[in-house]
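Engineer: My questions concern the predicted model and sequence given below.
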Amino acid sequence: MSRLPPLHPFAEIPQPSGALLSDLRRTTGVEAISISPRDRVEAARDMWPKGILWRRKGLMPRPPEAVVYPKDTEEVSRILRFASERAIPVVPVGGRSGVLGALVPMRPNTLALDTRRLSQIHAPDRERMEAAAGAGVVGLDFERMLRAEGFTLGHAPASIGGSTVGGWIATRSAGQNSSRYGKIEDMVVEAECVLGTGEVVRPSRPVPGTDWLEVFAGSEGSLAVITEATFRIWPLPEASIGAARRFPDLEHGVQALREIFQAGYRPSVARLYDPLDSMLALRPSRESGAPAPPPGMRELEPREARPAPLRMLWNLAMRQPQALNRLARLRRSVLLVLLHEGERWEAKAEARAIAEICRRNEGRDLGEGPADRWLRHRWDVSRNFPLVFELGGWVDTLEVAIGWSGVVRLHEAVRAAVSPHAFCMAHLSHAYPDGCSIYFTLLGAAEDVDRGIEQYDAAWAAALAAARKEGATISHHHGVGLQKAEALAEELGEKGVEVLRALQRACDPVGILSPGKWKT
């Protein structure tokens, strides 16, 4: 069960305090401040599915009093100093692509600090192989600049077209190419951060002793506001070779994936789909010569456009998830999609070596087609999620991580726990020598919104309880937000929470940054 903010009808958005705004402008000198209802409402919500369900009921959390748009670190510092002196809550807001409610205001009289004017992109340092960007830079803009210069960050989350580099760090983001390039905390080498007191700190690497960058990575705006960061970059790969294998069952696929990474190979992409997700990934294309639809929820199109078998699948998923979950057990074979990058000789050598590992584990070669299809359409799944809500359902994703010995058990435990409440399928991604992340997709009905919210809460509670019981960590790359706050406290234990609270008091003594979430 997540912590919940007070909810208000859309028609009852309270008016901001004129005295507060006058004092804010006079004291900080910041001119870019909005009190328009639209801007305030937009700053109070992200892509959290529960928030979307609230909106279908005509409800929303109380919006901030104002949205402040600082243009540089100095303005951020003045804003936070002002807020700290008056004990005014501040919630940092970036691209609003989060899915766990991290930016939802929990207290009245909150200020939203929008980072999107912190948008400067610096030219790459070719000698140091580094590049810097403001926290409000949209990830796709950053990557396009790097590619024009012959480089890549190697970070490609599904939200790359809307998420910001500051948000990436704040949530410990992982991109689709993380198996080769790492997660965002592996890429950042320096960050400019403003504490709750208004003080500016610049943790960097390498550093002796405690790595302060690790402290701010994943803090979700609760310890500091990130204003700029410098990242390690890579030359654009000379070659990119796709491959795909079909295994008789998930156990064989997991064994192959473990052997690949423990042998030291680092394919840019290594995604192992469970039986149902594999079936969707391998569906024949409906158009001659066109690539087949990508895996996941691509097929949730308007009812009149869906073929009959798919309409039946939709109805089962929405109204009889247990039946469809049982049906999914009849399928056993799974799909592994691979992408090998680097210099041409390197990519080819890796592809040959991994092909041999797959053969030893009964993996049948499917050629490059499924990998090419995935690469063409890899952004479609996230783009189509809003359609599920339009059709009277809800959809969400849960990413957890565990060591190799527990992967298959974790997959079965979460699916079994969720099955009475929602349809569930999954893929394995973000693999390492010691384990991997499992990314579950949950789908349920919400034509009756109240009933949909009940099922949503029940599915999440069951999934997190099952994950914790199996020894998994409750988040790999989406963060914590409101949805996972209580589960995080359970995972860390009393002493872990005590340490985080002490750290928060050191960085933000008055407690103005994102109050009411995990740290309280």
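Structural biologist: The structure has been received and is ready for your questions.
Engineer: Run the chain-centre distance for the strand or helix carrying Leu500.
Structural biologist: Following DSSP states H and E, one finds Leu500 within helix 485-507. Here helix 485-507 is found 21 Å from its chain centre; the criterion is Cα atoms, centre = their mean, to the nearest Å.
Engineer: got it, and stretch 188-207?
Structural biologist: 23 Å.
Engineer: Any chance you could list what contacts that stretch?
Structural biologist: With contacts defined as Cβ atoms under 8 Å, 6 or more residues apart in numbering, stretch 188-207 is touched by 73, 76-82, 84, 90, 130, 132, 169, 211-213, 215-217, 223-232, 507-513. C-beta: built from backbone N, CA, C; applies to glycine.
Engineer: From the residues you listed, list just the buried residues.
Structural biologist: Buried members of these, counted by 16 or more other Cβ atoms under 10 Å: 73, 76-82, 84, 90, 130, 132, 169, 212-213, 215-217, 223-232, 507-508, 510-513.
Engineer: Check whether the nearest residue to Gly392 once chain neighbours are set aside sits in a helix, strand or coil.
Structural biologist: Leaving aside its chain neighbours, Gly392 sits nearest to Glu447 (4.0 Å; criterion: Cβ to Cβ, 6 or more residues apart in numbering). Under DSSP: H, G, I helix; E, B strand; the rest coil, Glu447 falls in the coil class.
Engineer: Asp125 and Gly471: what is the separation?
Structural biologist: According to Cβ to Cβ, to the nearest Å, Asp125 stands 42 Å off from Gly471.
Engineer: Same check on Gly136?
Structural biologist: Gly136 is 38 Å from Gly471, by Cβ to Cβ.
Engineer: if you count what's nearby, which of those two comes out ahead?
Structural biologist: Shown here are Gly136 and Gly471; by other Cβ atoms under 10 Å, Gly136 has more neighbours (25 against 13).
Engineer: what about the chain, any weak spots by pLDDT?
Structural biologist: Counting by pLDDT under 70, the chain contains low-confidence residues at 1-3, 11, 281-331, 381, 518-520.
Engineer: what does the domain assignment say about it?
Structural biologist: 7-117, 239-469 (automatic domain parsing).
Engineer: Make a markdown table from the ones you listed and add distance to Phe151 to it.
Structural biologist: Listed next are the domains of the chain as a markdown table, based on distance: least, Cβ to Cβ, whole Å:
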| stretch | distance to Phe151 |
| --- | --- |
| domain 7-117 | 22 |
| domain 239-469 | 13 |
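Engineer: helix/strand/coil for the spatially most central residue of the chain?
Structural biologist: The centroid of the chain falls nearest to His478 when counting by Cα atoms, centre = their mean (3.3 Å). What three-state DSSP gives for His478 is coil.
Engineer: need the strands for the stretch 401-520 of the chain, in chain order.
Structural biologist: 423-432, 435-445 (DSSP state E, counting those that start in this stretch).
Engineer: Quick one: closest of the ones you listed to Ala112.
Structural biologist: Shortest distance between Ala112 and these, using Cβ to Cβ, is found for strand 435-445: 29.0 Å.
Engineer: So what are the sheet partners of the closest one and their directions?
Structural biologist: strand 393-403 (antiparallel), strand 423-432 (antiparallel) (DSSP bridges).
Engineer: Is it possible to get CSV of those that adds mean neighbour count and distance to Pro16?
Structural biologist: Shown next, in CSV, are the strands paired with strand 435-445 (neighbours: other Cβ atoms under 10 Å; distance: least, Cβ to Cβ, whole Å):
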stretch, mean neighbour count, distance to Pro16
strand 393-403, 22, 32
strand 423-432, 24, 42
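Engineer: Neighbours of the closest residue to Gly134 other than its chain neighbours, how many?
Structural biologist: Closest residue in space to Gly134, ignoring its immediate chain neighbours: Leu118 at 3.8 Å, by Cβ to Cβ, 6+ apart. When counting by other Cβ under 10 Å, one arrives at 27 neighbours for Leu118.
Engineer: ditto for the one 3 residues further on
Structural biologist: Look at Ile121: counted by other Cβ under 10 Å, it has 17 neighbours.
Engineer: now do Pro9
Structural biologist: Pro9 has 10 neighbouring residues, counting by other Cβ under 10 Å.
Engineer: go on, the one 5 residues further on?
Structural biologist: Look at Pro14: counted by other Cβ under 10 Å, it has 12 neighbours.
Engineer: same question, the one 5 residues further on
Structural biologist: The burial metric for Ala19, expressed as a neighbour count using other Cβ under 10 Å, is 8.
Engineer: gap between it and Glu65?
Structural biologist: Distance from Ala19 to Glu65, by Cβ to Cβ: 11 Å.
Engineer: Arg271 too?
Structural biologist: 44 Å.
Engineer: Over to Tyr265?
Structural biologist: 53 Å.
Engineer: for Leu146, helix, strand, or coil?
Structural biologist: helix.
Engineer: is the closest residue to Asp274 other than its chain neighbours in a bridge, and if so with what?
Structural biologist: Spatial nearest neighbour of Asp274, chain neighbours left out: Ala426 (4.8 Å); criterion: Cβ to Cβ, 6+ apart. Note on Ala426: beta-bridge partners by DSSP bridges are Phe440.
Engineer: Go ahead and confirm Ala426 touches Ser437.
Structural biologist: No. Contact status for Ala426 versus Ser437: not in contact, 10.1 Å apart, counting by Cβ atoms under 8 Å.
Engineer: can you give me the strands for the stretch 1-150 of the chain?
Structural biologist: Under DSSP E, counting those that start in this stretch, the stretch 1-150 of the chain gives strands at 7-9, 33-34, 59-61, 66-68, 90-93, 111-114, 130-134.
Engineer: ok, back up a step: so the residue nearest to the centre of the chain makes contact with Glu399?
Structural biologist: Yes. His478 is in contact with Glu399 according to Cβ under 8 Å; the separation is 5.5 Å.
Engineer: if we can go back for a sec, dump the strands of the stretch 1-150 of the chain to a markdown table, plus distance to Glu490.
Structural biologist: Below are these laid out as a markdown table (distance: least, Cβ to Cβ, whole Å):
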| stretch | distance to Glu490 |
| --- | --- |
| strand 7-9 | 25 |
| strand 33-34 | 38 |
| strand 59-61 | 24 |
| strand 66-68 | 34 |
| strand 90-93 | 24 |
| strand 111-114 | 29 |
| strand 130-134 | 36 |
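Engineer: So for Ala502, which of those sits nearest?
Structural biologist: Set against Ala502 and scored by Cβ to Cβ, the strands of the stretch 1-150 of the chain come closest in strand 90-93, at 20.6 Å.
Engineer: how far does that closest one sit from the chain's center?
Structural biologist: For strand 90-93, the distance to the chain centre is 18 Å (Cα atoms, centre = their mean).
Engineer: swap in stretch 226-233?
Structural biologist: That offset, for stretch 226-233, works out to 18 Å (Cα atoms, centre = their mean).
Engineer: Pull it out as CSV, backbone CA atoms only.
Structural biologist: Provided in CSV are the C-alpha atoms of stretch 226-233 (Å, rounded to 0.1, in the frame of the first residue of the first chain):
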residue,chain,number,x,y,z
ILE,A,226,20.6,18.3,-9.2
THR,A,227,21.3,21.2,-11.6
GLU,A,228,24.0,19.9,-13.9
ALA,A,229,26.0,16.7,-14.5
THR,A,230,29.0,15.5,-16.4
PHE,A,231,28.9,12.0,-18.0
ARG,A,232,31.4,9.5,-19.4
ILE,A,233,30.7,9.0,-23.1
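Engineer: Check what contacts that stretch and list those residues.
Structural biologist: Contact partners of stretch 226-233, identified using Cβ under 8 Å, 6+ apart, comprise 72-73, 76, 92, 115, 118, 120, 124, 129-135, 146, 151-154, 165-166, 169-170, 186-194, 204, 216.
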